[in-house]
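K.L.:
need coordinates for the below:
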Amino acid sequence: STQSTWGYLIMESSTLKKALLGVFGVLVAGASFGIANFVSNRLKKDVKKKEEGKGKGKENPKPNDEEEEDEKLQGKIIEVDSFVKPSSKLTPNPIVAFKSGERSERCIIPEESCIPDGAFTYCERQYNTEAELLKARKYLKAGPKKFIYFNPSNVKAAIVTCGGLCPGENVVIRELVMILWYSYGVREIYGVKYGYEGFYKKTEEGDCYVRLYPSFKAVSGEPPKGSIEVVELHNLGGTALASSRGGFEGDRIIDGIVAHGINQIYGIGGDGTHRGLLKLSEIIKKRGLEISLIGVPKTIDNDMPYLDKTFGFDSAVEASQIAIQCADVEANSAEYGVGLVKVMGRQAGHIAMHASLASRDVNVCLVPEFPFEVYGPKGLFEYVIKRLKSRHHCIIVTGEGAGDNLKDANLGKEVKKDGSGNVIPNDIGTFLKENIVKYGKEKYKMDITLKYIDPSYILRAVPANASDRYLCAVLAEYAVHAAMAGYTNCTVGTVRTMTALIPFSHITKKSASLIKFNDRNWQRLLQSTGQPPFINDNQPCHQLSLIHI
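P.N.:
Okay, the predicted model is just below:
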């Protein structure tokens, strides 16, 4: 019948449809497998090509100087210059209590606590494979040695502070003097005032070399005019020796050092100071002098390469909390309140990031490492307006160098530099202060109350806090141990929680230590603030392609 015929056709059509769908599914699955297989094979080929192409200029881009240097140093202990030769006559360390029974008035550590020759610490924090560990760079461990090169009675030491102020400089000066005087028995210790130029500069009072004493009570008779006692320096901010940028004239500096009979120099400073120390080391080698140069790394921005942390950073983060708290109070006391805080950080945003993480009240954190835009639907200004409409307040913390990565506004084309050759960043704080208010008024008729707080110079002038005092004491102690053992041309810093010796030639060739997008702390910051990238082009994780490595 007609009805049964139609039923049959419908049934057959349904069966055919299922069959076609089945065939289509098989084809799709096959195609997917084929594509996945193709991609997998292609990736394997690419990896193989890269491995085979190592050393072939056409298949791989030419590595930069840092990459070539890293390649050479894989798996090696980074050697440090030393005056010690096989024929050198060494002196038993006066602070070591030898098992043989040899003692001195100052023996304070057992023989087994001395650092053996060749002891090292690894460079990186994490290794994913054993092969990576075998290739890792190693730094010599700092610490006291059983025998020393310099006889304490023949040592004339000089301490100099260079560059900008940083919490903890006075602590380092104090501890250097205390270790030299009380542990090693050195009696001629000088402070060189006004940075590098103090080595050769003349003033109305004479030269810039002043005697340093633990306390004037330790001196028999009247101390020389201008002398400084260091016993209470750790309670003060700044540097008792004064500081300056620039003034570096290598030969004149060495002439001054030689004229005063100095044979140990302790330089407290950042990357510019260490570049200067490297140049001085070359002049000293050329002249065949035995003058030990030891650096104590100082940068409030915490951006010295290889090092876990530099002194002054913790104090700066702690000091910034008052400014952020005040900004939060101001912002929450207005209908549409914005609290804006600018902290130090030219190239690196470590202070801004850690201050924001410690505060827990910050809604937006801007750092020099990552680009951002202020205009457009996904720009910073629209985000601030949206937050003000919903929450009525917004707390912004910015590093001083963040404006150099601002993509859609011009803060000024003129490049200015300070005496040390560092680029002075454009004023992002004033720009945001003026334009956030203007944007809200002109586009949304919103009366924004914005309070701008710039505590930059407060952060660097405060006395060191407890954790920085401890770090300063450790670095100063190990700097003296290094110099007395005959090491030279190196700086003392913490590498993966261990105190290590890093050559000037090594630390000055590496770029500054900056925040990377996949850093755990940056990811914590993004989770804490909930801020978007402030970029309008919708590129995911755009920062990854713009990170300064």
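K.L.:
what about D251, distance to I396?
P.N.:
From D251 over to I396 the distance is 48 Å, taken as CB to CB, to the nearest Å. Glycine gets a C-beta too; all of them are placed from N, C-alpha and C.
K.L.:
of the two, which one has the most company?
P.N.:
I396 (28 against 12; other CB atoms under 10 Å).
K.L.:
report pLDDT for the more buried one.
P.N.:
Predicted confidence (pLDDT) at I396: the value is 98.
K.L.:
thinking P223 is in contact with S215, fair?
P.N.:
No. Counting by CB atoms under 8 Å, P223 sits too far from S215 to count as a contact (10.0 Å).
K.L.:
so the closest residue in space to Y127 that isn't next to it in sequence: helix, strand or coil?
P.N.:
Closest residue to Y127 apart from its sequence neighbours, by CB to CB, 6 or more residues apart in numbering: L133 at 4.4 Å. Look at L133: counting by DSSP: H, G, I helix; E, B strand; the rest coil, its state is helix.
K.L.:
what about L133, distance to E169?
P.N.:
L133 is 37 Å from E169, by CB to CB.
K.L.:
and the helix or strand containing Y139, how far out from the chain middle?
P.N.:
For Y139, the host element (DSSP states H and E) is strand 138-141. Centroid displacement of strand 138-141 relative to its chain, using CA atoms, centre = their mean, to the nearest Å, is 19 Å.
K.L.:
next: stretch 275-287.
P.N.:
How far stretch 275-287 lies from its chain's middle: 24 Å, per CA atoms, centre = their mean.
K.L.:
just use 7 as the starting number from now, easier for me
P.N.:
Okay, residue one is now 7; in that scheme the one you just asked about reads as stretch 281-293.
K.L.:
dump it to PDB, keeping only the CA atoms.
P.N.:
C-alpha atoms of stretch 281-293 as PDB (Å, rounded to 0.1, in the frame of the first residue of the first chain):
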ATOM      1  CA  ARG A 281      81.300  48.600  36.100                       C
ATOM      2  CA  GLY A 282      83.600  51.100  37.600                       C
ATOM      3  CA  LEU A 283      85.200  48.400  39.800                       C
ATOM      4  CA  LEU A 284      85.700  46.300  36.700                       C
ATOM      5  CA  LYS A 285      87.600  49.100  35.000                       C
ATOM      6  CA  LEU A 286      89.700  49.700  38.100                       C
ATOM      7  CA  SER A 287      90.600  46.000  38.200                       C
ATOM      8  CA  GLU A 288      91.900  46.200  34.600                       C
ATOM      9  CA  ILE A 289      94.100  49.200  35.500                       C
ATOM     10  CA  ILE A 290      95.400  47.400  38.700                       C
ATOM     11  CA  LYS A 291      96.300  44.300  36.600                       C
ATOM     12  CA  LYS A 292      98.000  46.500  34.000                       C
ATOM     13  CA  ARG A 293     100.100  48.200  36.700                       C
END
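K.L.:
not counting it itself, show me its contacts.
P.N.:
For stretch 281-293, contacts defined as CB atoms under 8 Å, 6 or more residues apart in numbering pick out 87, 168, 202, 254, 256-257, 259-260, 271, 273, 275, 297, 299, 301, 494-495, 497, 510-511, 514.
K.L.:
just the ones in helices from these, please.
P.N.:
Assigned to helices by DSSP state H, the following of the contacts of stretch 281-293 qualify: 256-257, 259-260, 510-511.
K.L.:
which residues of the stretch 357-506 of the chain fall in helices?
P.N.:
In the stretch 357-506 of the chain, the helices defined using DSSP state H, counting those that start in this stretch lie at 386-397, 434-450, 462-467, 472-490.
K.L.:
return the most buried member of those helices.
P.N.:
Among the helices of the stretch 357-506 of the chain, ranked by average contacts under mean count of other CB atoms under 10 Å, first place goes to helix 472-490 (a mean of 23).
K.L.:
now do that helix, average pLDDT.
P.N.:
Helix 472-490 comes out at a mean pLDDT of 97.
K.L.:
which other helices and strands contact it?
P.N.:
For helix 472-490, the packing partners by 3 or more CB pairs under 8 Å, 6 or more residues apart in numbering; DSSP states H and E come out as helix 175-184, strand 270-275, strand 298-303, helix 319-337, strand 496-501, strand 504-509.
K.L.:
show me what the last one packs onto, helices and strands only.
P.N.:
The contact analysis (3+ CB pairs under 8 Å, 6+ apart) places strand 504-509 against strand 126-128, strand 144-147, helix 472-490, strand 496-501.
K.L.:
got CSV for these, with distance to N308 too?
P.N.:
What follows is the helices and strands packed on strand 504-509, written out as CSV (distance: least, CB to CB, whole Å):
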stretch, distance to N308
strand 126-128, 19
strand 144-147, 19
helix 472-490, 11
strand 496-501, 11
